[in-house]
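S.K.: Sequence and computational prediction follow.
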Amino acid sequence: MSLGFSKTKYKVGTVTEVDYTMTYYNLLPKAGYFIMDNLVAGLEVLVSGYSEENTYYEGKWSESMLGVGPFIRYYYPLEKIYPFAEIETLFGRYMYKWPTSGSTNVEEKNNFFLIGVFLGAAVPLTDKVTFDIMAGYLYTSFSFSGEVYGEGEDYKEITGGVGIKMGFTVYLPTNF
């Protein structure tokens, strides 16, 4: 999870040229079930957003992502640390809006696909809580349809790179 707010001003002498206000958030909760010893399968949800207002464009630019997908994680239990390998996929929607001249906004909604492969370690904090850290490779593909950059055909943006994730895992009892 992350949440942030910032304000940036650019000044030339005593005149403020451009004034930005930015807000962003990322939530990546996941829930899983041990389908056998040391093997967890479950679902992950992505809720992410960013907005920016500035005096130059006199409008608000925003983007958001909403996705869901399965993950599978295998633990190799040791005494004080639990190394693991994880594979995840997410399917979802990427939406963005930006101001244009006048009072109109341009809005786009497109699909995305993400796959990630990670190696990590879970460090027990209590009997039911671990701190997890993982590093791995992420591949993301965004699909755009129709008029993009003045062209009348479909467009695809592909991104790949290394990522690091950290978080906490809470293990709930299976007999409620």
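M.R.: Perfect, thanks for sending it. Because the structure is a prediction, the values reported are computed rather than measured.
S.K.: Can you tell me the closest non-neighbouring residue to residue 34?
M.R.: Excluding the flanking residues, the one nearest residue 34 by CB to CB, 6 or more residues apart in numbering is residue 40, at 5.5 Å. Heads up, the C-betas are built off the backbone N, CA and C, glycines and all.
S.K.: is it true that residue 91 touches residue 141?
M.R.: No: applying CB atoms under 8 Å, one finds residue 91 not in contact with residue 141, separated by 10.5 Å.
S.K.: any common contacting residues for those two?
M.R.: With contacts defined as CB atoms under 8 Å, 6 or more residues apart in numbering, the residues adjacent to both residue 91 and residue 141 are 112, 113, 114.
S.K.: how close does the first one get to residue 28?
M.R.: Read that as residue 112. From residue 112 over to residue 28 the distance is 14 Å, taken as CB to CB, to the nearest Å.
S.K.: which of the two has more neighbours?
M.R.: When residue 112 and residue 28 are compared for neighbours, residue 112 comes out ahead with 19 against 16, by other CB atoms under 10 Å.
S.K.: in which helix or strand would I find the more buried one?
M.R.: In this assignment (DSSP states H and E), residue 112 forms part of strand 105-124.
S.K.: What is the distance between whatever helix or strand comes next after that strand and the centre of its chain?
M.R.: Helices and strands here follow DSSP H and E; after strand 105-124, the next one along the chain is strand 129-144. Between the mean C-alpha location of strand 129-144 and the chain-wide mean there is a distance of 8 Å, by CA atoms, centre = their mean, to the nearest Å.
S.K.: How about stretch 166-176?
M.R.: Shown here is stretch 166-176, whose average C-alpha point lies 21 Å from the average C-alpha point of the whole chain (CA atoms, centre = their mean).
S.K.: same deal with stretch 73-83?
M.R.: Using CA atoms, centre = their mean, the mean C-alpha position of stretch 73-83 is found 25 Å from that of the whole chain.
S.K.: Go through that stretch and flag the buried ones.
M.R.: Residues of stretch 73-83 classed as buried by neighbour count (16 or more other CB atoms under 10 Å): 73, 75, 82.
S.K.: hang on, isn't the first one packed against residue 85?
M.R.: Yes: using CB under 8 Å, residue 73 is in contact with residue 85, at 7.2 Å.
S.K.: quick one, strands of the chain?
M.R.: Listed in chain order, the strands of the chain (DSSP state E) span residues 2-12, 15-27, 30-36, 39-54, 59-75, 82-99, 105-124, 129-144, 155-170.
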